[in-house]
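**Student:** I'd like to go over a predicted model; first the sequence, then the structure.
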Amino acid sequence: MTADNGLGLRIVRAAVAKADRSIGAAAASEPATKQRTAPSTPRVPANNNTPAKPAASLIAVHQFQLRGTASIPRREFLYARHHVRKFMAALFAAGGLGKTSLTVSETLAMVTGKPLLGHKPERPLRVWLIGAEDPREELERKIEATAAHFGVTNADIGGRLFLSSGRESDFTVAIEARKGVEVQAPIVEAIVQHAKANTIDVIIVDPFVSTHQVNENDNAAIQKVAATWVSIADALGCSLELAHHVTKGGGEVTEDSGRGAGALKDKARAVRVLNRMTAEEASRWNIDREDRNSYFRCDLAKANLAPSGRGSEWYRFVSVPMGNGDGLTKPQDHTGVVERWTPPTAEDTTAIKAGREAEARAALVAHVRPDQLAGIKVRLQNSGYKFDPQGKPWAGELVAEILGLDLAAEGQRGTIKEMLQAWVELGELSVSEEYDETLRKPRKFLRPAFCAT
């Protein structure tokens with residue numbers, strides 16, 4: 001059993017009030033400002049016989065009257081369609097797929113106000129990136145590499161980026177206690193205080209599992225932890241995203257793939273999921289098999305506040321050299337940076353495939369010496385060699401003779417056929433339809449390109 005869910009909300013509100021008082025006190029202590037002495041507060045007797053407030057006073061009830069749709073304030077979408085002020089979002093992905101690197105690229109886009117990944121915020125935002133697992137040095141490594149890749153400077157960042165590491169600070173907002181889930185008031189208070197002091201617009205926490213010590217399979221417990229984060233976002237008026245691991249299995253990641261209880265998904269108003277490029281997709285877009293793992297797509301699997309129907313967004317890793325090495329014994333680091341990638345169209349795919357096939361064929365004839373190719377051209381010009389392997393005589397027999405190849409060897413006829421096609425595509429040879437005196441019908445002959453008839 002968990003403790004009262006309203007307790008977390010009251011803790012957050014109390015923390016906000018305390019932070020406001022602290023900020024107010026700091027402003028009041030400015031030397032240039034003279035403050036009036038507040039009137040003394042009258043003492044309240046230990047028991048003034050005032051009746052206790054009824055339980056209903058803990059609940060706010062508002063009588064509703066229609067005032068027109070235009071009077072309702074717009075939702076404050078801060079970045080893309082998942083960062084919304086006063087709401088919590090979640091990002092689900094398998095370990096090592098790219099969720100941390102993606103959030104770093106998005107963070108730099110938000111703090112600079114630049115469309116680094118295709119989305120441009122209305123104005124530069126103040127972002128607090130909390131790496132609850134990694135050391136701060138690793139976060140800085142990723143940010144430096146990403147900034148270098150996109151050409152981001154300190155002037156672009158403008159002091160709007162804030163970092164914290166779980167190796168240096170504790171972000172455990174809730175623990176499993178004897179009487180149920182217990183919200184860690186001092187930690188919540190510290191989070192609220194720092195966010196208030198730095199007027200944070202967006203908080204990103206990675207990963208969610210490092211912010212609690214409760215049974216992750218207990219739906220009620222996870223609901224309490226998630227509700228605490230929602231209360232923080234609401235009370236601060238900021239957007240908050242929690243990065244979360246998924247269950248093992250290797251299948252398609254959906255909004256139901258989050259590790260443990262489903263309460264986190266239910267509490268979030270937007271859930272994005274990351275999936276690696278499949279073998280079928282790589283084949284369709286002519287991506288090399290060894291490069292496929294560098295590509296992944298992002299889908300808005302749950303979007304309670306944004307229009308549905310948004311398509312997948314594709315991203316890829318690029319390796320950025322850090323320049324921090326020292327000779328051969330201490331080579332420099334390379335850090336993966338996430339950038340936006342657009343899948344090729346059907347026309348692009350066809351052209352890419354044709355280009356790669358042409359390159360492969362060109363490689364087949366790269367070893368042929370100029371004098372050997374010249375000899376082949378002379379013989380083709382003065383004889384009746386056919387382009388078709390079924391023709392007599394076939395031009396491939398001439399190539400085998402001059403290059404010293406064995407036509408009887410396995411696969412050799414196919415290789416020579418591809419070599420002939422490569423020379424045609426390279427403009428060295430040409431297929432010419434001519435009348436065959438022997439067969440008494442037109443046939444395709446192979447000639448040097450300059451003398452084709």
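**Tutor:** Okay, I see it.
**Student:** pLDDT value on residue 450, please?
**Tutor:** At residue 450, the model reports a pLDDT of 70.
**Student:** meant to ask about residue 354
**Tutor:** If you check residue 354, the pLDDT there is 77.
**Student:** One more: the one 10 residues further on?
**Tutor:** According to the prediction, residue 364 has pLDDT 86.
**Student:** count of residues packed around residue 380?
**Tutor:** 23 (other C-beta atoms under 10 Å). Yep, even glycine has a C-beta here, placed from its N, CA and C like the rest.
**Student:** Can you tell me how far it is from residue 426?
**Tutor:** 15 Å (C-beta to C-beta, to the nearest Å).
**Student:** tell me the contacts of the closest residue to residue 392 other than its chain neighbours?
**Tutor:** Leaving aside its sequence neighbours, residue 392 sits nearest to residue 386 (C-beta to C-beta, 6 or more residues apart in numbering; 6.9 Å). With contacts defined as C-beta atoms under 8 Å, 6 or more residues apart in numbering, residue 386 is in contact with 392-395, 443-446.
**Student:** Of these, which is the most crowded?
**Tutor:** For the contacts of residue 386, neighbours were counted by other C-beta under 10 Å; the highest total belongs to residue 395, with 29 neighbours.
**Student:** quick one: that one from residue 433, how far?
**Tutor:** Applying C-beta to C-beta, one obtains 14 Å for the distance of residue 395 from residue 433.
**Student:** What of residue 297?
**Tutor:** In this structure, residue 297 and residue 433 are separated by 48 Å, where distance is defined by C-beta to C-beta.
**Student:** Compare those two and say which one has the larger neighbour count.
**Tutor:** Here residue 297 and residue 433 are compared on neighbour count by other C-beta under 10 Å; more neighbours surround residue 297, at 18 against 12.
**Student:** Quick check: the more buried one is in a helix.
**Tutor:** No - when DSSP: H, G, I helix; E, B strand; the rest coil is applied, residue 297 is found to be strand, with no helix at that position.
**Student:** any idea of the pLDDT on it?
**Tutor:** Residue-level pLDDT assigned to residue 297 equals 96.
**Student:** So for it, what's the nearest residue that isn't a sequence neighbour?
**Tutor:** For residue 297, ignoring the flanking residues on the chain, the nearest one in space by C-beta to C-beta, 6+ apart is residue 312 at 4.4 Å.
**Student:** Not counting sequence-adjacent ones, nearest residue to the most centrally placed residue in the chain?
**Tutor:** If you average the C-alpha coordinates of the chain and look for the closest C-alpha using C-alpha atoms, centre = their mean, you land on residue 102, 3.5 Å from that point. The shortest distance from residue 102 to any residue that is not its chain neighbour, by C-beta to C-beta, 6+ apart, is 4.8 Å, and that residue is residue 338.
**Student:** who's in contact with the one you found?
**Tutor:** Each residue near residue 338 by C-beta under 8 Å, 6+ apart is listed here: 98, 101-102, 104-105, 117, 146, 315-317.
**Student:** roughly how far is stretch 267-286 from the heart of the chain?
**Tutor:** Centroid separation for stretch 267-286 versus its chain: 10 Å, with C-alpha atoms, centre = their mean, to the nearest Å.
**Student:** Show me what the mean pLDDT comes to for that stretch.
**Tutor:** Summarised as a single mean, pLDDT over stretch 267-286 is 93.
**Student:** what comes up buried for it?
**Tutor:** With burial defined by 16 or more other C-beta atoms under 10 Å, the residues of stretch 267-286 counted as buried are 267-277, 281-282, 285-286.
**Student:** now, the most widely separated pair of the residues you listed?
**Tutor:** Taking C-beta to C-beta as the measure, the buried residues of stretch 267-286 span a maximum distance of 41.4 Å, between 267 and 286.
**Student:** circling back to that earlier point, now the element after the helix or strand containing the residue nearest to residue 102, going C-ward?
**Tutor:** When secondary structure is defined using DSSP states H and E, the element that contains residue 338 is strand 334-341. Sequence-wise, the next helix or strand beyond strand 334-341 is helix 346-365, with elements assigned using DSSP H and E.
**Student:** List the contacts of that next one.
**Tutor:** The set of residues that contact helix 346-365 without belonging to it, under C-beta under 8 Å, 6+ apart, is 284-286, 344, 373, 415, 418-419, 421-423, 425-426.
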